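Asks: could you work out the structure for the sequence below:
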Amino acid sequence: DSRIEFGKLLTGEDFQNFTNYAIENLKSIKRAVKGLPASQGDSAASEEQLIEHIRQNQGMICKWCILFAGLVVFTGNGQRPHAYVQLQVPTHVDAAIRTWTDDAGPSFATSLEKTRRAAAYGRVSFPVKTREVMMFHLKVVRPALFLNTGLDPRSSSTSRSLLAHTKTGDPYRIGRLHATLGRFISGLYPEMGNITPQIVRSSFATWKFKLYQRGKTFQGQTTAQFLD
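Replies: Okay, the predicted model is just below:
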């Protein structure tokens, strides 16, 4: 109730709206990079050509990264903020992408977190509907970002962070995640720019618990099993 009073509780509808907003705009940028209107599908251009195309438009890369960070936070199932900044790109991207099926969406490991993750949830998973933009981020946008910062995205010494600073290539820190999320949210609801990753996390838990109470998720499980 106190979070509602101070405008710090997001609803399930908010989660869906922000997710749809991110995906629609990211796909729009993807189509712009490929030089095609929405109705014509994917271009046959090589990944190298697409990388070179987006490298020439730093503003487009920045816009993509703001939307992408928002998507990660709103579809990451209420992770701690430290988890998002420590998400790691797989060493073998193509092999990892082949495991992203209609039954199992994208998932990423994290580097060391403050709190040890349960063995059953060792990776952070994302919905299947994020697969298209996740693939484009890994194969086109992220390499372009690193090349523009003078780093080789294929080098073992280059950061494997999923979220990287567009000007330096450095992994996100918590403060950067807060600022970027604020810019993302303000793009849809300017009055909600004070929402933080922690508020998203607590709101996600509240949303899911209310669904559980109404019997719409985790049916047949006890409260203890649901919380676990």
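
Asks: strands of this structure, residue ranges please.
Replies: Applying DSSP state E to the chain gives strands spanning 87-88, 107-110, 124-125.

Asks: of all the helix elements in the chain, which one is longest?
Replies: When the chain is parsed with DSSP state H, its longest helix is helix 12-34.

Asks: where does pLDDT dip in the chain?
Replies: 36-45, 112-121 (pLDDT under 70).

Asks: so which residue is dead centre in it?
Replies: Val72 (1.8 Å; C-alpha atoms, centre = their mean).

Asks: surely that one and Leu177 touch.
Replies: No - with contact defined as C-beta atoms under 8 Å, Val72 does not count as touching Leu177 (9.0 Å). Yep, even glycine has a C-beta here, placed from its N, CA and C like the rest.

Asks: so what sits against both of these two?
Replies: Tyr84, Leu163 (C-beta atoms under 8 Å, 6 or more residues apart in numbering).

Asks: residues touching Thr180, list them.
Replies: Cys65, Ile66, Ala69, Gly70, Tyr172.

Asks: ok, those vs Phe204, which is closest?
Replies: Distance to Phe204, by C-beta to C-beta, is smallest for Gly70 among these, at 14.1 Å.

Asks: tell me where this protein has helices.
Replies: Counting by DSSP H, the helices of the chain are 2-5, 12-34, 47-55, 58-75, 81-85, 93-97, 131-136, 142-148, 174-186, 197-213, 223-227.

Asks: what sits against the closest residue to Thr168 other than its chain neighbours?
Replies: Distance criterion C-beta to C-beta, 6 or more residues apart in numbering; nearest residue to Thr168, sequence neighbours excluded, is Thr149 at 5.9 Å. Counting by C-beta under 8 Å, 6+ apart, Thr149 makes contact with Lys167, Thr168, Gly169.

Asks: got CSV for these, with distance to Phe126 too?
Replies: Output for the contacts of Thr149, formatted as CSV (distance: C-beta to C-beta, whole Å):
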residue, distance to Phe126
Lys167, 26
Thr168, 25
Gly169, 23
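
Asks: dump the residues you listed to CSV, plus distance to Lys210 and neighbour count.
Replies: CSV is the format used below for the contacts of Thr149 (distance: C-beta to C-beta, whole Å; neighbours: other C-beta atoms under 10 Å):
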residue, distance to Lys210, neighbour count
Lys167, 41, 12
Thr168, 41, 12
Gly169, 41, 19
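
Asks: from the residues you listed, pick the one nearest His137.
Replies: Nearest member of the contacts of Thr149 to His137, counting by C-beta to C-beta, is Gly169, at 14.3 Å.

Asks: for the closest one, list the residues it contacts.
Replies: Leu145, Phe146, Thr149, Leu151, Thr158, Ser159.
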